[in-house]
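Q: what's the 3D shape of this:
(one chain, ligands or ions: 1)
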Amino acid sequence: MSSIRPRIRPSLIPSAIRRGGSRALKFAGYPRFESPSLHPNLVTTAKYPLIRFLSTSRHPSLTMSDNTYVAPLHPRPGGSREDGREFKLLHFIYDQPNRDEIQGNPQKVLDLIDEFAQTYHFMNIGPDKGKFITEIIAERKPEVMIELGGYVGYSAILFGDAVRRAGGKRYYSLELNPEYAAIANMLLDLAGLRDFVRIIVGRSDLSLHKLFNSGEVKQVDVLFIDHYKPAYTTDLKLCEQLGKIVPEVSVVIADNVLYPGNPPYLEYVRSTVEQKREAAKKGPERTYNKEGIPDRTVQSFLGADATPQFDIIGNPNLVYESKLVKPETIRDAIEVTLCVGVQE
Ligand SMILES: C[S@@+](CC[C@H](N)C(=O)[O-])C[C@H]1O[C@@H](n2cnc3c(N)ncnc32)[C@H](O)[C@@H]1O
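A: Residues are numbered from 1 along each chain as shown. This is a model prediction of the structure:
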């Protein structure tokens, strides 16, 4: 496996971090932190008067040392559903007698998914958490939004529509499982978003690297993380080390941070620069940190033996302001993280 693993060449030229715009994420409209104890290391620009909103970075760019990646065979795509509920959903929606009224109407497609989800559990973001994210999209007006983990397209329809309405250019949905991606494409087609949302099938780390390295995506405006839980932190760090997390621009939203929970991710986005620099002394990460993530969750999707496809170093100098956003109606929450600067 190691012979086909793309690796960083630290000697390569430092990548440039683009200068951030002046749009600031306003948290005022969102609920206060639900668990202050989870936020011991909240960083703000006020705490770091010396933060410079950088135009350069000292971090090496990544290149593929070998781009002949051979995809592993998945036992069953995604690994979580064996009863074909995703295909049943497709039939349920396409069998609706009023298909003409649904065509081109994202909300009607979402309502049908929500209706069907009363019978079967689906891994969708759902309307409660989704509402907070569409508000952030309306405020930030990202040109491009990327999601990690598309499943059958619920979040791609909800957020893709929001990005399009906010004047954005493109929504990328990175999905491991080709069957889920096919279903999502059918539903996006019905919602009238097929030309706006691009689904990329494959592992998120490889897809992110390709999107950024090809120049197709220049920076992270809004990134929604909702895939293999141990990969949340490493995929964010991959974006960092590629120089795509931009102060005062990049917002990262992570789902399921309370249920099933993702302690390594929360710890990372709430750490100080000093704590991250200390941790970085151990060298590049070649495994996923699974501490505190339930076994069942670790075993899903990529599986317990999976490793990142790159040496992960991140950029510990990035300063984040991060908070939990929890709808009252559900036990889970999202973590919303804004990059506010770079500490020299
Ligand atoms: C919780 S579901 C996503 C739900 C979706 N965001 C929504 O709200 O409608 C997680 C998805 O992530 C996908 N996934 C898991 N690991 C992945 C990886 N490493 N790269 C890309 N997709 C992955 C799974 O196949 C699954 O479809």
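Q: tell me who's in contact with the residue lying closest to Ile330 once chain neighbours are set aside.
A: Excluding the flanking residues, the one nearest Ile330 by Cβ to Cβ, 6 or more residues apart in numbering is Asp128, at 5.3 Å. (Glycine included, C-beta is placed from N, CA and C.) By Cβ atoms under 8 Å, 6 or more residues apart in numbering, the contact set of Asp128 is 327, 329-330.
Q: helix or strand for Gly303, which one?
A: Assessed by DSSP states H and E, Gly303 sits outside every helix and strand.
Q: just give the nearest non-adjacent residue to Lys326, would you?
A: Per Cβ to Cβ, 6+ apart, closest to Lys326 is Ala333, 3.6 Å.
Q: and the most centrally placed residue in the chain, how far is that from Lys218?
A: For the chain, the residue lying nearest the average C-alpha position, counting by Cα atoms, centre = their mean, turns out to be Ile225 (2.2 Å). Distance, Ile225 to Lys218, using Cβ to Cβ, to the nearest Å: 19 Å.
Q: one more: Tyr94?
A: From Tyr94 to Lys218 the distance is 37 Å (Cβ to Cβ).
Q: try Pro97
A: 45 Å.
Q: of those two, give the one with the bigger neighbour count.
A: Lys218 (13 against 6; other Cβ atoms under 10 Å).
Q: so the more buried one, which of the three states?
A: At Lys218, secondary structure determined by DSSP: H, G, I helix; E, B strand; the rest coil is coil.
Q: quick one: average confidence on the helix or strand containing Arg296?
A: Assessed by DSSP H and E, Arg296 sits inside helix 295-299. The pLDDT scores in helix 295-299 average 97.
Q: do stretch 225-240 as well
A: Stretch 225-240 shows a mean pLDDT of 98.
Q: so what's the one residue in the chain that gets nearest to the ligand closest to, chain neighbours aside?
A: Of all residues in the chain, Gly149 sits closest to the ligand, at 2.8 Å by Cβ to the nearest ligand atom. Distances taken as Cβ to Cβ, 6+ apart place His227 nearest to Gly149, at 3.0 Å, with adjacent residues excluded.
Q: quick check: that neighbour vs Asn262, distance?
A: As judged by Cβ to Cβ, His227 and Asn262 stand 11 Å apart.
Q: and these two? which has more neighbours close in?
A: More crowded of His227 and Asn262, by other Cβ under 10 Å: Asn262, with 27 against 24.
Q: need the contact list for the nearest residue to that one once chain neighbours are set aside.
A: Of all residues beyond its chain neighbours, the one nearest Asn262 is Lys229 (5.1 Å), with distances taken as Cβ to Cβ, 6+ apart. Lys229 makes contacts with 256, 260, 262, 265, 293, 297-298, as judged by Cβ under 8 Å, 6+ apart.
Q: for the helix holding Arg296, which outside residues touch it?
A: Contacts for helix 295-299 (Cβ under 8 Å, 6+ apart): 79, 229-230, 260, 290, 304.
Q: can you rerun that using 6 Å?
A: Helix 295-299 is contacted by residues 229, 260, 290, 304 when judged by Cβ atoms under 6 Å, 6 or more residues apart in numbering.
Q: how about stretch 248-261?
A: Against stretch 248-261 from outside (Cβ under 6 Å, 6+ apart): 20-21, 25, 53, 133, 140, 220, 222-226, 232, 265-266, 294, 297, 331-339.
Q: is there proximity between the helix holding Arg296 and the ligand?
A: No. Using Cβ under 6 Å from any ligand atom, helix 295-299 stays clear of the ligand, coming no nearer than 10.3 Å.
Q: for the residue nearest to Gly149, give me its contacts.
A: Counted by Cβ under 6 Å, 6+ apart, His227 has contacts 148-149, 204.
Q: ChimeraX command to pick out the buried ones of those residues?
A: In ChimeraX, a selection of the buried entries from the contacts of His227 looks like this (16 or more other Cβ atoms under 10 Å):
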select :148,149,204
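Q: output the contacting helices and strands for the helix or strand where Leu338 lies.
A: Secondary-structure assignment from DSSP H and E places Leu338 in strand 334-342. Judged by 3 or more Cβ pairs under 6 Å, 6 or more residues apart in numbering; DSSP states H and E, strand 334-342 is in contact with strand 251-254, strand 318-325.
Q: can you list these in a markdown table and add mean pLDDT, distance to the ligand and mean neighbour count?
A: Formatted as a markdown table, these follow (pLDDT from 0 to 100; distance: least, Cβ to the nearest ligand atom, whole Å; neighbours: other Cβ atoms under 10 Å):
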| stretch | mean pLDDT | distance to the ligand | mean neighbour count |
| --- | --- | --- | --- |
| strand 251-254 | 98 | 11 | 24 |
| strand 318-325 | 98 | 15 | 23 |
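Q: how many residues are close by the closest residue to Phe92 other than its chain neighbours?
A: In space, and not counting its chain neighbours, Phe92 is closest to Phe116: 5.1 Å by Cβ to Cβ, 6+ apart. The number of residues packed near Phe116 is 17, by other Cβ under 10 Å.
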